[in-house]
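**Q** mind folding the following:
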Amino acid sequence: MATTHSGGMRLQVARGDLHQLRWAPDPDSPDARPLADGQLRLQVERFALTANNITYAAFGEKMKYWEFFPVGDAAFGCIPVWGFARVVESRCAGIEPGLRVYGYLPMGSHLVVQPARVKPQGFVDASPHRAELARAYNEYVACDADPLYRADREGLQALLRPLFSTSFLLDDFLAEAGHFGARRLLLSSASSKTAFGTAFCVAQRSDRPALVGLTSKANLGFVRSLGCYDSVLAYDELATLDPTVTSVYVDFAGNGTLRRSVHERLGSALAYSAAIGGSHWEQLGGNRDLPGPAPQLFFAPAQAKLRAAPPPEGWGPDGLGQRIAHAWHGFIDALSSATPPWVQVRSASGAAAIEQAYLALLAGGTDPREGVLLAP
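**A** Below is the predicted model of the structure:
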């Protein structure tokens with residue numbers, strides 16, 4: 001357990017042992033560095049912590065997640081989070097202190113960015129070290145011009161917006177591929193927010209495969225209560241699956257043992273195998289000599305780039321944004337109107353609370369109905 005600190009610190013995680021934490025002085029705090037011309041200093045206000053962030057750590061090397069907020073030590077990294085920040089200092093024309101934005105942040109007190117493509121809707125961070133990284137992670141959206149933002153749903157946005165964007169894009173990818181001709185879509189870790197967001201999106205389509213959620217025995221009741229899936233099975237019930245039904249497997253857990261069980265059960269009936277998350281980070285791997293198709297990693301920013309291309313190849317940035325916003329509001333309405341709501345937001349603040357929430361996620365013991373919103 002790391003020693004806790006007050007403001008002006010940033011949480012770092014050992015890349016080789018995700019349980020090992022330390023707090024270090026925040027390199028972007030006012031005391032650490034002055035602003036150069038064209039830069040902004042953001043003060044981190046609130047951010048969400050979900051299994052998605054464990055995925056960022058698990059795939060940190062492969063997908064370059066460690067490179068967004070470098071720490072100057074190859075043995076440690078800063079796990080990105082999604083949340084809200086406020087401009088507290090500006091040397092960038094067109095952006096004044098007080099502007100509140102939503103975007104990719106470090107678990108710390110501050111972030112210095114170099115805005116480009118500044119417009120009323122927000123800006124892109126053009127800091128040199130982020131130039132070759134996925135643009136979807138470099139965009140900061142002004143809250144007062146954001147079609148997805150509502151003040152009374154701010155906690156849900158921090159928790160669910162990046163997850164739902166992945167859900168929307170994954171549904172779009174699968175539909176574009178005709179669900180690979182499958183009659184059944186299997187989603188592991190069905191209690192996870194990205195999984196049931198995907199199930200929600202798929203369920204809106206008239207021409208779709210049957211949706212089967214796979215989950216732990218402890219979460220069976222919760223997953224069935226969502227109403228997103230046509231059926232729900234515990235992991236130890238895989239043997240009841242008809243092995244002749246053409247299927248697509250979408251792995252949100254990253255559990256190599258489970259993946260092998262699915263592939264061995266379905267074999268040639270498995271039309272496609274997609275890997276999305278890595279919440280079961282200690283069991284990643286297990287792809288060698290799998291029956292059926294080799295698992296393919298789905299990278300949401302690549303699908304977003306494809307859809308943001310100008311017509312006729314894509315929908316254009318505005319078209320993509322409008323489609324996500326429409327789907328988002330439908331999802332949040334369904335989530336919020338349920339009794340009880342699918343997700344309830346719990347807020348906490350301070351270094352000790354951040355460590356506790358992170359380690360609970362790492363251990364996989366969190367309540368699927370709960371989402372944690374944290375402040376430094």
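**Q** go ahead and confirm Gly8 touches Asp31.
**A** Yes: with contacts counted by Cβ atoms under 8 Å, Gly8 reaches Asp31, the gap being 6.7 Å. For glycine as for every other residue, the C-beta is placed from the backbone atoms N, C-alpha and C.
**Q** can you pick out the residue with more neighbours from the two?
**A** Taking neighbours as other Cβ atoms under 10 Å, Gly8 and Asp31 compare with Gly8 leading, 17 against 9.
**Q** now the more buried one. Nearest residue, chain neighbours left out?
**A** Ser29 (4.6 Å; Cβ to Cβ, 6 or more residues apart in numbering).
**Q** SS state for Leu169?
**A** helix (DSSP: H, G, I helix; E, B strand; the rest coil).
**Q** sorry, wrong one. I was asking about Asp318.
**A** helix.
**Q** residue contacts, the spatially closest residue to Val113 that is not a sequence neighbour?
**A** Distance criterion Cβ to Cβ, 6+ apart; nearest residue to Val113, sequence neighbours excluded, is Asp125 at 4.2 Å. If you count contacts by Cβ atoms under 8 Å, 6 or more residues apart in numbering, Asp125 has them with 113-116, 138-140.
**Q** quick one, grab the pLDDT at Asp125.
**A** Listed pLDDT for Asp125 reads 98.
**Q** now swap in Val141 and tell me
**A** pLDDT, Val141: 96.
**Q** then the one 3 residues further on?
**A** According to the prediction, Asp144 has pLDDT 95.
**Q** can you check Ala116 too?
**A** We have a pLDDT of 96 for Ala116.
**Q** for the residue nearest to Gly8, helix, strand, or coil?
**A** Following three-state DSSP, we place Ser29 in the coil state.
**Q** thought it was touching Leu35?
**A** No: with contact defined as Cβ under 8 Å, Ser29 does not reach Leu35; the gap is 11.7 Å.
**Q** all strands of the stretch 201-350 of the chain, in order?
**A** 210-215, 231-234, 247-251, 270-275, 296-297, 344-349 (DSSP state E, counting those that start in this stretch).
**Q** give me the number of residues near the residue nearest to Cys228 when sequence neighbours are not counted?
**A** What sits nearest to Cys228 in space, not counting adjacent residues and going by Cβ to Cβ, 6+ apart, is Ala199, at 3.8 Å. Residues within reach of Ala199, counting by other Cβ under 10 Å, total 24.
**Q** repeat that for the one 4 residues further on.
**A** As a burial measure, Ala203 scores 16 neighbours (other Cβ under 10 Å).
**Q** please report the distance of it from Val262.
**A** Separation of Ala203 from Val262 (Cβ to Cβ, to the nearest Å): 21 Å.
**Q** same deal with Asp125?
**A** 39 Å.
**Q** residues contacting stretch 289-307, please?
**A** 59, 62-63, 134-137, 165-166, 169-170, 172-173, 251, 259-260, 263-264, 266-276, 287, 313-315, 319-320.
**Q** repeat that with 6 Å
**A** Contacts with stretch 289-307, where a contact means Cβ atoms under 6 Å, 6 or more residues apart in numbering, come from 134, 136, 166, 169-170, 173, 263-264, 267, 270, 272-276, 287, 314-315, 320.
**Q** tell me where the stretch 51-200 of the chain has helices.
**A** 51-58, 154-176, 193-203 (DSSP state H, counting those that start in this stretch).
**Q** low-confidence regions, the stretch 151-300 of the chain specifically.
**A** Low-confidence segments of the stretch 151-300 of the chain (pLDDT under 70): 277-287.
**Q** excluding chain neighbours, what is closest to the residue lying farthest from the centre of the chain?
**A** Within the chain, the residue lying farthest from the chain centre (Cα atoms, centre = their mean) is Thr244, at 33.0 Å. Excluding the flanking residues, the one nearest Thr244 by Cβ to Cβ, 6+ apart is Ala269, at 5.9 Å.
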